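I need the structure of the sequence given here:
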Amino acid sequence: MNHGYSYQSTLTASEAVHWRIEDIIGGERRLDFAKPFMPESFARVEPLAFLTHDEKRILNQIRGNAYLSIFGLVEEFILPFVLDHARPQLQGDDYRVRALLQFASEEAKHIQLFKRFREDFEDGFGSECSVIGPPEAIASAILAHDPLGVALTTLHIEWMVQRHYVDSIKDDQELDPQFKSLLKHHWLEEVQHAKLDTLMVESLSAGRSEAEIMQGVEEYLEIGGFIDGGLTQQVEFDRESFIRATGRQLTDDETDEFRRVQLKANRWTYLGTGMTHEKVLETLETLTPKARQRVESISRAFC
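Here you go, the predicted model:
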């Protein structure tokens, strides 16, 4: 693979952008519930014309809560996966070991950060918002797959984060500054994680036949299907959370439209943006052109 990534350079970059949870959340750093949390390209509340301006803002914030909570969920499987990948070669490349352990440490920090966010959100929002889980069950289901499939899923997630922040969040001046700050700091460390994921995919695919590689790709798609089922459930949770927060009862037609628009939004946010990311596709192509073709043929359903 001609990506130019190395364990040494990613470790150096990671150490340069290191931040502490205490410096970005808590104290005077509070969420502003007068502002939206998510860019419209992901929240997609505007097509729901039957909602008022304030109701759209509330739904946007519910989506923001789910967004960071779901990242916390997926990092519950990334953390043990990275540790398992590091363990067999603890006596090998020192930079490799340090970079992977730093990766794991940062994922643990992100999990803690998102738990802190959840506490702040619950204190300020005023009503309960349910999120899919529990984390350990989701992690167990994903980690039961072929390690290459899990590595491709992790690669997908990390490049997805890059795309979300750079393309849709960074320059959006309408978003709550505190929520945006959490996303920025998450992104800063995930930049290096995406590079390490690429190296992990490279390592796990080494020596595999094309058929064995394609099996890993199929299991990546199976994990995507599992996530898609969770997104369908999350839409229902978000609808229920919206009703609790606003007291607004939706008609049958409004409910159908809510489900249709929000499921499409969730699928694009968590599946489409990763499956169509050029870096993900480039990595698949280096494994075998068939891998890229297979994922491209599936990704159309999530765009």
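
Residue 71: what secondary structure?
When classified by DSSP: H, G, I helix; E, B strand; the rest coil, residue 71 comes out as helix.

Show the contacting residues for it.
Contact analysis of residue 71 by C-beta atoms under 8 Å, 6 or more residues apart in numbering lists 110, 114, 161, 186. Placement of C-beta: from N, CA and C, glycine included.

Next up, the contacts around the last one.
Going back to what we said before, that points to residue 186. So residue 186 contacts 71, 110, 113, 161, 165 (C-beta under 8 Å, 6+ apart).

if we go to 7 Å?
Residues in contact with residue 186 (C-beta atoms under 7 Å, 6 or more residues apart in numbering) are 110, 161.

For the nearest residue to residue 272 once chain neighbours are set aside, what are phi and psi?
If the residues on either side of it in the chain are set aside, residue 272 comes closest to residue 302, at 3.7 Å by C-beta to C-beta, 6 or more residues apart in numbering. With angles defined as degrees, to the nearest 10, residue 302 sits at phi -110, psi 10.

My understanding was that residue 33 contacts residue 124; is that so?
Yes - with contact defined as C-beta atoms under 7 Å, residue 33 reaches residue 124; the gap is 5.5 Å.

what's the closest of the contacts of residue 71 to residue 11?
residue 110 (17.5 Å; C-beta to C-beta).

Which strand or helix spans the closest one?
helix 94-125 (DSSP states H and E).

Flag every buried residue along that helix.
The neighbour-count check on helix 94-125 (16 or more other C-beta atoms under 10 Å) flags 96-100, 102-104, 106-111, 113-114, 116-118, 120-121, 125 as buried.

Counting by contacts, list what the biggest helix by length in the chain packs against.
The helix that spans the most residues within the chain, counting by DSSP state H, is helix 210-246. Packing partners of helix 210-246 (3 or more C-beta pairs under 7 Å, 6 or more residues apart in numbering; DSSP states H and E): helix 53-86, helix 147-163, helix 252-267, helix 289-299.

rewinding a little: output the contacts of residue 71 as TSV; include the columns distance to residue 239 and pLDDT.
What follows is the contacts of residue 71, written out as TSV (distance: C-beta to C-beta, whole Å; pLDDT from 0 to 100):
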residue	distance to residue 239	pLDDT
110	27	96
114	22	95
161	26	95
186	27	96
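
Can you say which two of those residues are spatially most distant?
114 and 161 (12.8 Å).

Where does pLDDT dip in this protein?
Where the chain drops to pLDDT under 70, the residues are 1.

and with 80 instead?
Scanning the chain for pLDDT under 80 picks out the ranges 1-2, 88-92.

circling back to that earlier point, the inter-axis angle of the helix holding residue 110 versus helix 147-163?
Angle, helix 94-125 to helix 147-163, by axes from the mean of the first three to the mean of the last three C-alpha atoms, to 10 degrees: 60 degrees.

distance between helix 94-125 and the chain's centre?
Here helix 94-125 is found 13 Å from its chain centre; the criterion is C-alpha atoms, centre = their mean, to the nearest Å.

Relative to residue 212, how far out is residue 100?
From residue 100 over to residue 212 the distance is 23 Å, taken as C-beta to C-beta, to the nearest Å.

I am finished for the moment; much appreciated.
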